[in-house]
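**Q** okay, here's the prediction I keep looking at, along with the sequence it came from:
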Amino acid sequence: MREMKEFTTIEQMEADTAKLKEIACGLCVETFEDRKAAQQPQCKFGEDGICCRICSMGPCRVTPKAPYGICGADAHAIAGRHYLRMAAAGSAAHSDHAREIAHVLHKTSAAGPYTIKDPGKLLSIAAEWDIETEGRDLYDVAHEVAEVGLMEFGKPFGTLRMLCRGTEERQKVWEDEQIAPRAIDREVATSLHMTNMGNTADAEVLVRQSLRVGMADGWGGSMIGTDFTDILFGTPTVRTTTGNLGVLEENQINIVIHGHDPCFSEMIVLAAESKELIDYARGKGAQGINIAGLCCTANEATMRHGVRMAGNFLQQENALLTGAVEMMCVDVQCIFPALGRLQDCFHTKFITTSPICRIPGSTYVEFTADDAEHAYDKAKALVKEAIDNYENRKRDRIFIPTHTQEAVVGYPTGQIIAELDGVTNSHLGDDPRGSYKPAIDAIKAGVIRGAVAMVGCNNPKVRADYSHIEIMKELLANDILVVGSGCAAQAATKAGLLRYDAKELCGAGLKRVCTLVGIPPVLHMGACVDISRMMLLVTGIAKNWGIDTTQLPIVGCAPEWMSEKAVAIANYVVATGLDVYLGIEPQVKGSSQMMELITQGTRAIAGAGYVINKDPHELVRSIVDGIEAKRAALGI
Ligand code: NFS
Ligand code: SF4
């Protein structure tokens, strides 16, 4: 057996960041740490969610002496409205990303550049949606599937199609509690309308709508986005890759892709693989073209191409500070506007590509689905520009940290179930591997005590990646399987937790499962839109077990979240019946009613709620206790 490689510690990661920070100081440019310091003390009213500027009578701030805004809204109304607006904005972001993917699906053709990579998935969705497939051209079917998907955003009647994928019990809860989302855009618009001046002031009603608009994301926008991305670019499969800043190469053209929507970055990846451009790069003295990813675009590209991952949210400035990036090419979401200023200190070209995300200081090369036929040519032109930029590197300014970790990525729902099924004989015979029984048996027997979906961002309010990594290690030691997405999955990548031999960190039960099945103990499920995959995974387990999702010893955890998208996600995870453990407090503390509603009130509606604790060690303790309590209730 090969000797186990070291894991990367949080201190090693911090030492790398500190060195890059020194470079920034030497160049007199600021990073998020400086800006955070300059923001202290952060506004207490904002933090508590009791500052309202929804109308121009305000801003109104609630204090003991002034408990009402000018219109009479109290702290609960103000905090509740703000919270719902966050959920709505998050849902809008994920869903608009999905809409763009749907438009690209609508532009597919056999001639490319966008083609159908997973016809099986296309046909199964067509069947689910009663779309005729017999004797039809695949691309006709694809275009109709795209159109029906697009109707989900604005249809005037009914609720979302994908809700029927839920357990029967869930579907009844969603219906009875009036949190079954209608058209996606309608839930976003309704949320904005409800929170408009002079509308809903009842916190309970605002929280209920937060669940509904969250559902429009998780069981609507994100789920459509995930399925259509699979159809377009292939359903991910297991592959081995590498993560952390050390994936940037001293002697290659480094192009960083960053953001969320994989449509354009897919083209960049393909262009960088073309012989013509590789030869061109060699002609310019580089050894090759190295594509590295940041944030969720990295997750998407790594699962389908094995593209290496430079890091997560709080590493975006670090990537540029290495001085070794010829081009950073971004699409939408989670992109620091600071990059526009930072690029000035380096030769890096900062390229924005989406009309949704325009940033001063960047070069804008528009990419939209309307112009999909030219996407590959545009990508080639950009890669060539990056190659031409190689000679402009300021070689004395290059510092690439050396830490990297191997990572096994690409576990969509079907893959996880098939892998776990692989330990038994149930896959022999005609049935393809894919029975849930072994997974359920492993949980029932207690070999695996439960599972946690580790999701979400980094947040400078806490040590970057520390909570993610500490919590994951503790869960593994307690025989709790971890599935990860988004920046949480990348924290695991950087630490080495996506390696097969990370099973050494597990308790005896989980270690045995990982050994038998040949999986790492933290399973990379993809980007944040792929949390919809997690919802289908828990639904599949619950259905095959014959119980509801809320009874499962499975929960969600976002210890370092920051984005409005995380608020949308937390709401649909709760609405799906899973408790959500948060390490950052939602900005509603100024309202006792809101705090009660998000931690307890939703339990009466959906059977789940938030548990909030800023201390990662206490948080993970409560996760383990929560999972054991679910087991006890099931009598296992
Ligand atoms: Ni999710 Fe992905 Fe990261 Fe947070 Fe941003 S990249 S969609 S929002 S920061 S996990
Ligand atoms: Fe003030 Fe009410 Fe206007 Fe908010 S909606 S700013 S509380 S007057």
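**A** Received it, and whenever you're ready, just let me know what you need. Numbers count the residues shown, from 1 in each chain. Ligands and ions are numbered 1, 2, ... in the order given.

**Q** and whatever helix or strand Thr297 lives in, anywhere near ligand 1?
**A** Using DSSP states H and E, Thr297 sits within helix 295-305. Yes - interface with ligand 1: helix 295-305 contributes 295-296 (CB under 6 Å from any ligand atom). Every residue, glycine included, has its C-beta placed from N, CA and C.

**Q** alpha carbons of that helix, as CSV, please.
**A** Presented in CSV, the C-alpha positions along helix 295-305 are these (Å, rounded to 0.1, in the frame of the first residue of the first chain):
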residue,chain,number,x,y,z
CYS,A,295,-16.1,28.8,-7.1
CYS,A,296,-18.9,26.9,-8.7
THR,A,297,-17.7,27.2,-12.3
ALA,A,298,-14.8,25.1,-11.0
ASN,A,299,-17.1,22.5,-9.6
GLU,A,300,-19.0,22.3,-12.9
ALA,A,301,-15.9,22.0,-15.0
THR,A,302,-14.1,19.6,-12.7
MET,A,303,-17.0,17.1,-12.6
ARG,A,304,-17.2,17.0,-16.4
HIS,A,305,-13.6,17.5,-17.6
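
**Q** any idea how far Val29 lies from Glu47?
**A** For Val29, the distance to Glu47 equals 28 Å [CB to CB, to the nearest Å].

**Q** neighbour count for these two, which is higher?
**A** When neighbours are counted by other CB atoms under 10 Å, Val29 and Glu47 differ, and Val29 comes out ahead with 19 against 16.

**Q** what's stretch 113-130 in contact with?
**A** 104-105, 107-109, 132-133, 138-139, 141-142, 144-145, 148, 161, 227, 230-235, 263, 267, 270, 372-373, 375-376 (CB atoms under 8 Å, 6 or more residues apart in numbering).

**Q** burial of the nearest residue to Tyr83 once chain neighbours are set aside, as a residue count?
**A** Spatial nearest neighbour of Tyr83, chain neighbours left out: Val588 (5.3 Å); criterion: CB to CB, 6 or more residues apart in numbering. Neighbourhood size, Val588 [other CB under 10 Å]: 26.

**Q** what's the closest non-adjacent residue to the residue positioned nearest the centre of the chain?
**A** When CA atoms, centre = their mean is applied to the chain, the residue found nearest the centroid is Cys528 (1.6 Å). Once flanking residues are discounted, Cys528 sits nearest to Gly486: 4.1 Å by CB to CB, 6+ apart.

**Q** next: Gln252.
**A** Leaving aside its sequence neighbours, Gln252 sits nearest to Asn290 (CB to CB, 6+ apart; 4.1 Å).

**Q** try Gln600
**A** Leaving aside its sequence neighbours, Gln600 sits nearest to Gly609 (CB to CB, 6+ apart; 5.9 Å).

**Q** mind listing what that neighbour touches?
**A** 574, 579-580, 598-603.

**Q** what are the ranges of the strands in the stretch 151-300 of the chain?
**A** Ranges of strands in the stretch 151-300 of the chain, per DSSP state E, counting those that start in this stretch, are 239-243, 253-258, 289-294.

**Q** which among those is found nearest to His524?
**A** Nearest to His524 among the strands of the stretch 151-300 of the chain is strand 239-243 (9.3 Å), distances taken as CB to CB.

**Q** go ahead and confirm Tyr390 touches Ala281.
**A** Yes - Tyr390 is within contact range of Ala281, at 7.5 Å (criterion: CB atoms under 8 Å).

**Q** more crowded one of these two?
**A** The neighbour comparison of Tyr390 against Ala281 (other CB under 10 Å) goes to Ala281, with 24 against 20.

**Q** so the more buried one makes contact with Lys275?
**A** No - Ala281 is beyond contact range of Lys275, at 10.7 Å (criterion: CB under 8 Å).

**Q** and Cys60, how many neighbours does it have?
**A** Going by other CB under 10 Å, the residues that sit close to Cys60 add up to 20.

**Q** OK, contacts around it?
**A** Cys60 neighbours (CB under 8 Å, 6+ apart): 51-53, 66, 68-71, 73, 78.

**Q** report the secondary structure element holding the residue nearest to Tyr83.
**A** Assigned by DSSP H and E, Val588 falls within no helix or strand.

**Q** tell me the contacts of it?
**A** 48-49, 79-80, 82-83, 594-595, 598 are the contacts of Val588 under CB under 8 Å, 6+ apart.

**Q** what's the burial count for Lys384?
**A** Per other CB under 10 Å, the neighbour tally for Lys384 reads 16.

**Q** revised request: answer the last question for Ala570.
**A** 31.

**Q** Val455 now?
**A** What Val455 shows, counting by other CB under 10 Å, is a neighbour count of 29.

**Q** could you do the one 4 residues further on as well?
**A** Asn459 has 21 neighbouring residues, counting by other CB under 10 Å.

**Q** quick one: which helix or strand includes the residue nearest to Ile519 when sequence neighbours are not counted?
**A** Excluding its sequence neighbours, the residue lying closest to Ile519 (CB to CB, 6+ apart) is Glu419, at 5.4 Å. In the assignment (DSSP H and E), Glu419 maps to helix 413-421.

**Q** so which strand or helix has the closest residue to ligand 1 within the stretch 51-200 of the chain?
**A** Nearest to ligand 1, among the residues of the stretch 51-200 of the chain, is His94, at 7.3 Å (CB to the nearest ligand atom). Element membership for His94 (DSSP H and E) is helix 75-106.

**Q** so what does that helix touch, helix or strand wise?
**A** strand 51-52, helix 138-154, helix 184-194, helix 203-216, helix 222-233, helix 262-272, helix 564-575, helix 592-596 (3 or more CB pairs under 8 Å, 6 or more residues apart in numbering; DSSP states H and E).

**Q** and the second one, how far out from the chain's middle?
**A** Mean-position distance between helix 138-154 and its chain equals 24 Å (CA atoms, centre = their mean, to the nearest Å).

**Q** what do you get for the shortest one?
**A** Using CA atoms, centre = their mean, we find the averaged C-alpha position of strand 51-52 to lie 29 Å away from the chain's own average C-alpha position.

**Q** quick check, it touching ligand 2?
**A** Yes - for strand 51-52, a contact with ligand 2 is found by CB under 6 Å from any ligand atom, at Cys52.

**Q** list the helices and strands that strand packs on?
**A** So strand 51-52, by 3+ CB pairs under 8 Å, 6+ apart, packs with strand 60-61, helix 75-106.

**Q** buried deepest among these, which one?
**A** Among the helices and strands packed on strand 51-52, ranked by average contacts under mean count of other CB atoms under 10 Å, first place goes to helix 75-106 (a mean of 26).

**Q** alright, I will stop here.
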